[in-house]
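Participant: 3D model of this:
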Amino acid sequence: MLNLDQIDPQKPVLIFGPTASGKSGLALDIAQEQGGIIVNADALQVYQGWPLLTAQPPAQDLAQAAHHLYGHLPFDAPYSVGDWLRDVTPFIQDHTNGGPRPIIVGGTGLNFSTLTEGLADIPQTPPQVRKQGDSAILRDLIAALDPTTAAAIDLNNRARVQRAWEVQATTGRSIKAWQDDTPPPMLPLDMCTPLVLTPDVEWLNDRIARRFDLMMEAGALREAEKISPLWDPLAPSSKAIGAQEMMQVLCGEMTPDSAREAIIIATRQYAKRQRTWARSRMKRWQLVPLPDVDGC
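Facilitator: Coordinates of the predicted model:
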């Protein structure tokens, strides 16, 4: 169980955990108990259109503490981890200059890694280079890599190989060289309180199912109806778990019961990937086991 008295009220707080584990509630508790502003670190909660399906904080929470970077982008806006780092930086700098302490919360591990470990300033891949990479066979992509990069990545992972190839094709430098030039992190771990929620799997699975039912009761299908005239399955916000299924229900291509089952399964799989990320990439973070001793 986390004792809020053990959290330094002068340091920024980072909260990572799998979906439905209670991250937003913990952030609000800390803000109300100690003060501070809540800043979103979730890659999909930045978009308008799906506030229920992406579990953005409800109006009653927004009224109790200042929240930032939630639903501030159009549904089809491109948004990279570099864009997020740019947007979160002013809150950290403001705190350094005496402003409110940021409580940064979300389930996107890459955002937190970028914040606490630094981000190589690699130029974006032009569409024509991306298209060329998509059509190439893996063997040819590997052959084009410099030996140092090829020795450092999993050559069976096409996504990693193609990313390395795209960087090299776009910039003339290896991705390893870019990574070696990574600037210092915006917020090193020793300058903040990094918390990672580690829920019991069965407890979390039950919460995931109950949360989806609450989303439906709150109007998730009505949310889909509003966005349906603008629906684009390739839009960044359409990656939200359940968005595709909600549209299929509206079109009569899937029953509500089938959609429920598919969305709950996909959410549990995503939570598993988040737990794996935490175990492999957040070994220096403070663990917060769930449920607490009172079963909350």
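
Participant: so Ile7 touches Ile30, yeah?
Facilitator: Yes: look at Ile7 against Ile30 with Cβ atoms under 8 Å: they come within range, at 6.5 Å. For every residue, glycine as well, the C-beta is placed using N, CA and C.

Participant: identify the contacts common to these two.
Facilitator: Common neighbours of Ile7 and Ile30 (criterion: Cβ atoms under 8 Å, 6 or more residues apart in numbering): Val13.

Participant: for Met216, see how far away Arg210 is.
Facilitator: 11 Å (Cβ to Cβ, to the nearest Å).

Participant: please identify which of these two sits among more neighbours.
Facilitator: Between Arg210 and Met216, counting by other Cβ atoms under 10 Å, Met216 is the more crowded of the two (19 against 12).

Participant: thinking Gly219 is in contact with Pro51, fair?
Facilitator: No: counting by Cβ under 8 Å, Gly219 does not reach Pro51; the two are 10.0 Å apart.

Participant: which one of those two has more residues nearby?
Facilitator: Applying other Cβ under 10 Å to Gly219 and Pro51 shows that Pro51 carries more neighbours, namely 19 against 13.

Participant: I'd guess that one is in a helix, am I close?
Facilitator: No: read with DSSP: H, G, I helix; E, B strand; the rest coil, Pro51 is coil and lies in no helix.

Participant: Ile7 and Ile30 - which one has more neighbours?
Facilitator: Ile30 (24 against 17).

Participant: now do the residue nearest to the more buried one when sequence neighbours are not counted: how many residues are near it, please.
Facilitator: Once flanking residues are discounted, Ile30 sits nearest to Ile103: 5.5 Å by Cβ to Cβ, 6 or more residues apart in numbering. Using other Cβ under 10 Å, Ile103 is surrounded by 29 other residues.
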